[in-house]
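> The following block contains a protein sequence and its predicted model.
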Amino acid sequence: MLKRTLAVLLGAALVTTVAPASASEDGYGGGWGQAQKPYMGWSSWSMQSSKYPGLNDKGDYSFLTEAAVLKQADAVASKLKRYGYEYINIDAGWWADWKWNFGYDANGRPTPNLERFPHGMKYVADYIHRKGLKAGIYIPVGLAKGVYDNGDFPVAGAPGCSTHKLVYPDLRTTNGWDSSYKIDFSSPCAQKYIDSIASMFAGWGYDFLKIDGVGPGSWKSGPQYDNRDEIAAYDKAFKKTGRDVHVELSWSLDINYIADWRKHSQGWRIETDVECYCDTLVTWENSVNDRWNDLPRWLQYSGPGGWHDLDSLDVGNGRMDGITPDERYSYMTLWAITSSPLYTGDDVTQLDDLGVKLLTNREVIAIDQQGRPAKPVKAGGDQQVWWTRNRDGSYTVALFNL
């Protein structure tokens, strides 16, 4: 019999929870220490990347400023924190000027752009923590070209090591944009450079690091784009700091290396960006709808300690989101029933009524946070049925008309 019907049930998605035949547990998952459930929060990238009028008034990606981040932190603390949203994640560009020129310190590490972040990154993390929230920051893989091309910088805390000793002699490029030189981890200085960055982030008080452009993945393959050694180095480096930092990998990770992603991180993006880089935050056809068909093969690897990442959840701002109410319901439903991290890229200060309803439905959030990703009865097609067995033995079923 039907036990109840969740509130995320209108439009293109229908979700029901069915009473159990028996209440026995099925033994899903196991504890790995970190990320016992999918994380929840806010990320800056959706608004940074959009051409929606007024969001980036000083040029592309100019939304990202100290003032904007603190404003969103205030809004998350007042509107969403009590529902479980806790991370405030600063994405790319915190060390760039308005023209996207990047700055580095005397040891070759990214340093905050003082026009964007006049008080620095520790000040921002401290502010976020005072709100009872957690702070996230961002870095791409590899040694930034500018850190090699513009001089030989000494590595902090590593006498005899410098940035010219970190990379391969042929200066092979790496990451999804080829914006960095690949670090050669046969050099003892390589781990020490990663240690210096991890120590800096930990010293500033960050709780989360998104590492971007990671391969195999990010639309690149081959030895120069294999960053598994660098991801392992960050894992090792943060353990040395003693700070519990959640590491999230991006983007379109290669599933053939899932053992490495699981071993050295707490989350992995399975797809390209959900953002459309247009005059809204997302569009349905740009890539939101791709997740239904691309997720199933990843589901077996998600559980306590590490989760598939479907990217930002932009369902709260109506016209700015760029999708219909039905699409917003389906979007929220898939993310929740499959236990993807729930981090919105919306302007939390301007949530509309439907956005509040979708983002704060406790029963739907509970389905996500129980950490039992749903799977499709049959993958593919425009009419899909996804199901999960809940911790109390009941079943939640979602019917999608795509």
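Perfect, I can see it now. Residues are numbered from 1 along each chain as shown.

> what pLDDT, on average, does stretch 131-146 get?
For stretch 131-146, the mean pLDDT works out to 98.

> If you count neighbours, what's buried in that stretch?
For stretch 131-146, the buried set under the neighbour-count rule, 16 or more other Cβ atoms under 10 Å, comprises 131, 133-146. Quick note: C-beta positions are derived from backbone N, CA and C, even for glycine.

> Could you list the low-pLDDT ranges of this protein?
Under the criterion pLDDT under 70, the flagged ranges of the chain are 1-33.

> Go again with 90.
In the predicted model of the chain, residues 1-35, 379 satisfy pLDDT under 90.

> where along this structure do the helices fall?
Taking DSSP state H as the criterion, the chain contains helices spanning 45-49, 66-79, 120-130, 145-149, 188-204, 228-241, 258-264, 291-294, 325-337, 353-359, 362-369.

> most tightly surrounded among those?
helix 45-49 (a mean of 26; mean count of other Cβ atoms under 10 Å).

> Give me the contacts around that one.
Helix 45-49 is touched from outside by 55-56, 61-64, 68, 91-93, 273-275, 277, 281-282, 312, 314, 345-347, with contacts defined as Cβ atoms under 8 Å, 6 or more residues apart in numbering.

> Now the buried members of the residues you listed.
55-56, 61-64, 68, 91-93, 273-275, 281-282, 312, 314, 345-347.

> In strands, which of those residues appear?
The subset of the buried ones among the contacts of helix 45-49 located in strands under the criterion DSSP state E is empty.

> Now do the same contact list for the closest residue to Lys220 other than its chain neighbours.
Spatial nearest neighbour of Lys220, excluding adjacent residues (Cβ to Cβ, 6 or more residues apart in numbering): Gly176 at 6.0 Å. Counting by Cβ under 8 Å, 6+ apart, Gly176 makes contact with Pro140, Asp212, Gly213, Val214, Gly215, Gly217, Ser218, Trp219, Lys220, Trp251.

> Distance-wise, check Gly176 relative to Gly355.
The gap separating Gly176 from Gly355 is 31 Å, by Cβ to Cβ, to the nearest Å.

> do Ile139 as well
Between Ile139 and Gly355 the computed distance is 30 Å (Cβ to Cβ).

> Kindly report the same for Tyr225.
38 Å.

> Kindly report the same for Asp392.
Between Asp392 and Gly355 the computed distance is 29 Å (Cβ to Cβ).

> How about Phe208?
As for Phe208, its distance to Gly355 is 23 Å (criterion: Cβ to Cβ).

> what do you get for Gly222?
Applying Cβ to Cβ, the value for Gly222 to Gly355 is 42 Å.

> Then Leu253?
Counting by Cβ to Cβ, the separation of Leu253 from Gly355 is 29 Å.

> Could you do Gly151 as well?
Plainly put, Gly151 is 47 Å away from Gly355 if you go by Cβ to Cβ.

> Please apply the same query to Leu143.
Using Cβ to Cβ, one obtains 41 Å as the distance from Leu143 to Gly355.

> Pro38 contacts Thr338, doesn't it?
No. Pro38 sits out of contact with Thr338 when judged by Cβ atoms under 8 Å, with a separation of 9.2 Å.

> For Asp152, grab the count of nearby residues.
Residues contacting Asp152 under the criterion other Cβ atoms under 10 Å number 11.

> Not counting sequence-adjacent ones, nearest residue to it?
Across the structure, with Cβ to Cβ, 6+ apart as the measure, the residue nearest Asp152 apart from its sequence neighbours is His164 (4.3 Å).

> need the contact list for the residue nearest to Phe208 when sequence neighbours are not counted.
Among residues not flanking Phe208 along the chain, Gly136 sits closest, at 3.3 Å (Cβ to Cβ, 6+ apart). Neighbour list for Gly136: Gly41, Ser43, Tyr87, Ile88, Asn89, Ile90, Tyr206, Asp207, Phe208, Leu209, Lys210, His246 [criterion: Cβ under 8 Å, 6+ apart].

> Make TSV out of the residues you listed and add distance to Asn113 and neighbour count.
Rendered in TSV, the data for these read as follows (distance: Cβ to Cβ, whole Å; neighbours: other Cβ atoms under 10 Å):
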residue	distance to Asn113	neighbour count
Gly41	23	22
Ser43	19	27
Tyr87	22	21
Ile88	18	30
Asn89	18	27
Ile90	12	28
Tyr206	17	25
Asp207	22	23
Phe208	20	25
Leu209	19	23
Lys210	18	25
His246	24	21
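
> List just the nearest of these to Asn361.
Within those, the smallest distance to Asn361 is 16.9 Å, found for Gly41 (Cβ to Cβ).
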